[in-house]
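A.B. asks: my questions are about this predicted structure, shown below with the sequence.
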Amino acid sequence: MPKLSDVCHDIRSKNAGPFWITIDLFFHGREAFDRYAAASQLQPQALAAVFGVRPEQVGCYPVPDLSVLKISYPRKDPQGGMVERDLHGGQQFARLVDVELA
């Protein structure tokens with residue numbers, strides 16, 4: 001089975017304000033997007049388990065014209081908080097890189 005890193009040319013994460021993280025999955029064209037963006041491993045239930053949030057807190061926003069899937073979820077700790085370890089949210093995507101897709 002291909003990994004997410006095999007079907008995307010870029011995977012990035014960033015802050016979406018002080019309380020949210022957004023992950024952008026840039027697929028290798030429309031064919032890869034159509035095949036994998038709706039995979040069960042990229043649905044709110046599965047993503048919630050990966051990021052430790054409730055499924056209803058995960059937003060998945062497909063952008064077919066750009067072959068991009070945007071994923072948003074709340075941060076466990078606010079940006080810049082005392083126990084927060086990724087100030088810019090730039091490392092949060094790493095948990096998805098090796099996810100195997102069906």
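C.D. replies: In hand now; what should we look at?
A.B. asks: how close does the closest residue to residue 80 other than its chain neighbours sit to residue 1?
C.D. replies: Leaving aside its chain neighbours, residue 80 sits nearest to residue 87 (6.2 Å; criterion: Cβ to Cβ, 6 or more residues apart in numbering). For every residue, glycine as well, the C-beta is placed using N, CA and C. As judged by Cβ to Cβ, to the nearest Å, residue 87 and residue 1 stand 34 Å apart.
A.B. asks: can you check residue 59 too?
C.D. replies: Taking Cβ to Cβ, one finds residue 59 at 25 Å from residue 1.
A.B. asks: ok, residue 48 next?
C.D. replies: In terms of Cβ to Cβ, residue 48 sits 21 Å off from residue 1.
A.B. asks: between those two, which one's more packed in?
C.D. replies: residue 48 (16 against 9; other Cβ atoms under 10 Å).
A.B. asks: and the helix or strand that one falls within, what's buried?
C.D. replies: Using DSSP states H and E, residue 48 maps to helix 44-51. By neighbour count on 16 or more other Cβ atoms under 10 Å, the buried set for helix 44-51 is 44, 47, 48, 51.
A.B. asks: using CSV, please lay out those together with distance to residue 8 and pLDDT.
C.D. replies: Putting these into CSV (distance: Cβ to Cβ, whole Å; pLDDT from 0 to 100) gives the following:
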residue, distance to residue 8, pLDDT
44, 19, 98
47, 15, 98
48, 20, 98
51, 18, 97
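A.B. asks: which one of the residues you listed is nearest residue 29?
C.D. replies: Of all the buried residues of helix 44-51, residue 29 sits closest to residue 47, with 22.7 Å by Cβ to Cβ.
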